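>>> Next comes the sequence, and after it the predicted model I'd like to discuss.
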Amino acid sequence: MKPVYYRLENSWNPDGGPNGAFTFTLFNLSGEPLSGFKLVYTSLTRVIDAAACGNATFLRRNANFHEFGPPAGLTLAPGESWSFTVAGLHRRAQHCTDGAKSAYLTLSSGKHVPVAVSDLLLEGRTSEPPPELLPEGRLDLPFALQPWPAEITATPGDGFPVVLFPQGANIEELAAISTVISLTRRLFESDHAVFNLAASPQGRPLIFETDAALEAEAYRLDFTSGSVTLSYSGAAGRQYGLTSLAQLLNGARVTKDKFRFPISGTISDKPRYGWRGCHLDVSRQFYPVADVKRLIDILAWFKLNIFHWHLTDDEAWRLEIKAYPQLTAAGVLRGPDEPLLPQLGNGAEPAGGFYSQDDIREIVAHASSLSVEVIPEIDIPGHNAATLVALPELTDGQEAPDSYHSVQGYPNNALNPAIPMTYEFLEKVFDEMVELFPSSYIHIGGDEVANGSWLASPLAKKLMEKEGISGTFGLQSFFLKQVKAMLDKRGRKLAGWNEVAHGGGVAAKDSLLMAWENPQVGIELAKEGYDVVMTPGQAYYLDMVQATAFQEPGASWAGTVPPAHTYAYEAAGEFPEELKDRLKGVQACIWSEHFLSRGYFNRLVFPRLPAIAEAAWTPKAAKDWHRFAAIVPLSPML
């Protein structure tokens, strides 16, 4: 790693303005005088008043990218520092991740050099130790099972078999065991294998039985001192039964003073919901193929069956589309001299990354082997800043740039429904997507289009007049109906965020919407006839902070979401009985603005992801927070 010769420290003072103020201090540690430079930092706490700046000149902003100039004639000798203040913020800083995420200098020569960034400090406040997020926990039954099964009458034994080995299994059953052996070894590399295909005198036989009375994802385990019997009707149920055995045996092995393997009794199990999902945003931060596959392994371990892959957003378009190679050229590169400016942790070095179609096929096949369905998302019509940089012909050239409306600080980020090429573009994108993804649903986003978008576009005005459309959301509804028709033609169903219902929405038949803004939204969608997946930010967004302490990382727009709250939240909530058939399941969402490292990822995602997995699988009456807390430390992490 190259040495970094400059450091930026930042603090926030609540008294510096309506939303407080940052104080930034740049230290020159290079051994050479520094002058004639510009400083860039990225931060989710954005500046909206350029004049509210002290001892520096605000030069420009693009979303989370901020550029400043020092006072005229400033020279920093080696060891000296320069401080400046920034008020005029769009919101108050509440947590340590609300400050600068990255920084760099542009020198007088035009060269860009990295700047190390320190944690955000809160002036006048003592740093508290991190809170305890989990109790010690307690166990009524000493079994390492997560999610907890629907019914269990098993009795713990004193010891455990060294391995489980099949007896009289067919080739599909042997292959299923091999798959779970590989899964377990990938997740717990240093632990002993839980299954063996060959008989072992120190092991216990595993007998398979098919039972047509069981549902496809259900299984039953019958334990005796001499054998274990796994009954199933479908491949998914067989896999879940094997995964439960792997959890039981591995837990008994690695913590034998706490967990046991059953010697008798039965586990009868099936999922609470059919949609048990986890979303991953790969646009804000790029995750290599190996990390995506490992996350899918973790989902399979917790019996989650949906991987919702958020492939495009303002920050990058990550999905290779052969008809439009610009998308993964100009639409992914972020850097000082690249098509996209640095955002959310990028600095002097260019950052890119996308998934080739071969990568997609590999990941989809990997997920399928573990009974996980990959639901791809391209977010339209909003959140398309990267798309419009790559394909500027998708904009209305007659629209004045200062008339654009967008969210999160991008100057223009919405595909224009009045441009014919928009539909030509999407037809070609969907043609390639349906070849890559065998999923029943294609997720089309539909969220966070700013009210006022397109209203200054002459083409949009003409279309609205012709079709009798009123307002931004009426135009969005018109657009999304065309998109739904495209998916219908390709034999796919539409999934989207809850804003798809705005302005008249789309037909409820074969449409599934995700309620993210708050729980009540889900009930309203169900009343309108939509199938619903509950993923409210107040409980299931895993980028939310877990405690109120300033030192806690994460976002806070939806409040504080400790693991106990995530575990206790009930998606069915206030759903009237007559609408509960519209509730198809629950989903965790991993938005990546704050995930600058694997450490941040694991700290924020766990133990809340296993908590959501248990909510998705385990009947409400069988949930137990203290039992969960006792078992969840065994969770694999990324």
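Great, that's in hand.

>>> Report the distance from stretch 256-267 to the chain centre.
Relative to its parent chain, stretch 256-267 has a centroid offset of 35 Å by C-alpha atoms, centre = their mean, to the nearest Å.

>>> list the buried ones in it?
For stretch 256-267, burial by neighbour count (16 or more other C-beta atoms under 10 Å) applies to 258-262, 266-267. C-beta here means a position set from N, CA and C on the backbone, and glycine is covered the same way.

>>> What helix or strand is Leu475 located in?
Using DSSP states H and E, Leu475 sits in helix 471-489.

>>> Just the CA trace of that helix, in CSV.
Taking C-alpha atoms only, helix 471-489 is exported to CSV below (Å, rounded to 0.1, in the frame of the first residue of the first chain):
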residue,chain,number,x,y,z
GLY,A,471,-48.2,15.7,-13.0
THR,A,472,-45.0,13.7,-12.5
PHE,A,473,-46.5,10.6,-11.0
GLY,A,474,-49.2,10.4,-13.6
LEU,A,475,-46.4,10.4,-16.2
GLN,A,476,-44.5,7.8,-14.1
SER,A,477,-47.6,5.6,-14.1
PHE,A,478,-47.9,5.9,-17.9
PHE,A,479,-44.2,4.9,-18.2
LEU,A,480,-44.4,1.9,-15.8
LYS,A,481,-47.5,0.6,-17.6
GLN,A,482,-45.4,0.4,-20.8
VAL,A,483,-42.6,-1.4,-18.8
LYS,A,484,-45.1,-3.9,-17.4
ALA,A,485,-46.3,-4.6,-20.9
MET,A,486,-42.7,-5.3,-21.9
LEU,A,487,-42.3,-7.8,-19.1
ASP,A,488,-45.7,-9.4,-19.8
LYS,A,489,-44.6,-10.0,-23.4
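
>>> Return the list of strands paired to the next helix or strand after it, each annotated with direction.
Using DSSP H and E, the helix or strand that follows helix 471-489 towards the C-terminus is strand 493-497. In the sheet, strand 493-497 lines up against strand 441-445 (parallel), strand 511-515 (parallel) (DSSP bridges).

>>> Low-confidence ranges, the stretch 251-400 of the chain, go.
In the prediction, the stretch 251-400 of the chain carries residues with pLDDT under 70 at positions 400.

>>> ok, which stretches of it are strands?
For the stretch 251-400 of the chain, strands defined by DSSP state E, counting those that start in this stretch occupy the ranges 262-269, 275-281, 306-310, 312-313, 316-317, 373-380.

>>> Could you tell me whether Asn602 really is in a helix?
Yes. Applying DSSP: H, G, I helix; E, B strand; the rest coil, one finds Asn602 inside a helix.

>>> low-confidence ranges in the stretch 401-550 of the chain?
Looking at the stretch 401-550 of the chain by pLDDT under 70, you get 401-406.

>>> can you pull out the helices in the protein?
Assigned by DSSP state H, the chain shows helices spanning 171-187, 235-254, 289-301, 357-369, 385-390, 420-436, 458-467, 471-489, 519-527, 537-540, 563-568, 598-605, 608-617, 625-631.

>>> count of residues packed around Leu34?
Leu34 has 22 neighbours, counted by other C-beta atoms under 10 Å.

>>> Contacts only, for the closest residue to it other than its chain neighbours.
Counting by C-beta to C-beta, 6 or more residues apart in numbering, Leu34 lies nearest to Leu76, which is 4.3 Å off, once chain neighbours are set aside. Each residue near Leu76 by C-beta atoms under 8 Å, 6 or more residues apart in numbering is listed here: 26, 28, 33-35, 82.

>>> What's the PyMOL line that selects buried ones from these?
In PyMOL, this line selects whichever of the contacts of Leu76 come out buried by 16+ other C-beta under 10 Å:
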select buried, resi 26+28+34+82
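
>>> Looks like Leu475 contacts Glu465 (just checking).
No. At 11.4 Å, Leu475 does not count as touching Glu465 under the criterion of C-beta atoms under 8 Å.

>>> Pick out whichever of those two has more residues nearby.
Neighbour totals were compared for Leu475 and Glu465, and Leu475 leads with 27 against 9 (other C-beta under 10 Å).

>>> list the contacts for the more buried one?
Contacts of Leu475 (C-beta under 8 Å, 6+ apart): 417-418, 454, 460, 463-464, 469, 503.

>>> mind running it again at 6 Å?
Contacts for Leu475 were tallied using C-beta atoms under 6 Å, 6 or more residues apart in numbering; they are 417, 454, 469.

>>> same thing with Ala154?
Ala154 neighbours (C-beta under 6 Å, 6+ apart): 223, 262, 265, 267.

>>> one more time with 10 Å, if that's ok
141, 143, 145, 221-223, 248, 260-267 (C-beta atoms under 10 Å, 6 or more residues apart in numbering).

>>> on that earlier part again, so how far is Gly137 from the residue nearest to Leu34?
To Gly137, Leu76 is 53 Å away according to C-beta to C-beta, to the nearest Å.

>>> For Arg272, find the nearest of the strands paired with strand 493-497.
In terms of C-beta to C-beta, the element of those nearest to Arg272 is strand 511-515, at 17.5 Å.

>>> Now do that closest one against strand 373-380, angle only.
80 degrees (axes from the mean of the first three to the mean of the last three C-alpha atoms, to 10 degrees).

>>> Show me where the stretch 1-150 of the chain dips below the pLDDT cut-off.
Applying pLDDT under 70 to the stretch 1-150 of the chain flags the ranges 1.

>>> Turn the buried residues of stretch 256-267 into a markdown table, including distance to Ala236.
Shown next, in a markdown table, are those (distance: C-beta to C-beta, whole Å):
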| residue | distance to Ala236 |
| --- | --- |
| Lys258 | 29 |
| Phe259 | 25 |
| Arg260 | 27 |
| Phe261 | 24 |
| Pro262 | 22 |
| Thr266 | 20 |
| Ile267 | 16 |
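
>>> among those residues, which two are most distant?
Lys258 and Thr266, at 22.4 Å, using C-beta to C-beta across those.

>>> could the strands paired with strand 493-497 go into CSV alongside distance to Lys303 and mean neighbour count?
Formatted as CSV, the strands paired with strand 493-497 follow (distance: least, C-beta to C-beta, whole Å; neighbours: other C-beta atoms under 10 Å):
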stretch, distance to Lys303, mean neighbour count
strand 441-445, 20, 24
strand 511-515, 20, 26
